[in-house]
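>>> With the input below, show me the fold.
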Amino acid sequence: MVSRLIANVRSSASLFMTGDQRVARLLVAEKEIFEAWKRRRRRRIRTTARRPRRHSQNQLDTPGGSADLKRINSHLVAAAAYPLLEGKGVLSSRLRQED
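Residues are numbered from 1 along each chain as shown. Below you'll find the model as predicted:
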């Protein structure tokens, strides 16, 4: 997900320069992907919390890590994609309510 976040940083920088609605919509879709990823990680952590795990696995499964990546991605979308889509009049009310 870190590499995906880096790609989204690049896309948002490109979006500031080009104003491409297609890129903006892709960034919005990435936000949903990050949310689903975070939910899956939380479920897996809860499921495996009762079983002993290796030390390295414990470090990888910190709930804060997935939340932080999701939060950074959400800020990218809010700063780059939402203003463009709202300015074009194509930002749905559902997306406005999520943030």
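
>>> residue contacts, N8?
N8 sits next to 27, 30, 73, 76-77 when contact means Cβ atoms under 8 Å, 6 or more residues apart in numbering. Backbone N, C-alpha and C define where each C-beta goes, glycine included.

>>> For the protein, name the helix or strand with the lowest mean pLDDT.
In the chain, no helix or strand scores lower on mean pLDDT, DSSP states H and E than helix 55-60, which sits at a mean of 46.

>>> Give me the next element, helix or strand, following that one.
Downstream of helix 55-60, the first helix or strand assigned by DSSP states H and E is helix 63-76.

>>> List the buried residues of that next one.
66, 69-70, 73-74, 76 (16 or more other Cβ atoms under 10 Å).

>>> just stretch 23-38 next, same as before
So for stretch 23-38, counting by 16+ other Cβ under 10 Å, buried means 23-24, 27-28, 30-31, 34, 37-38.

>>> Nearest to S12, out of the buried residues of helix 63-76: which one, please.
Nearest to S12 among the buried residues of helix 63-76 is L76, at 4.5 Å by Cβ to Cβ.
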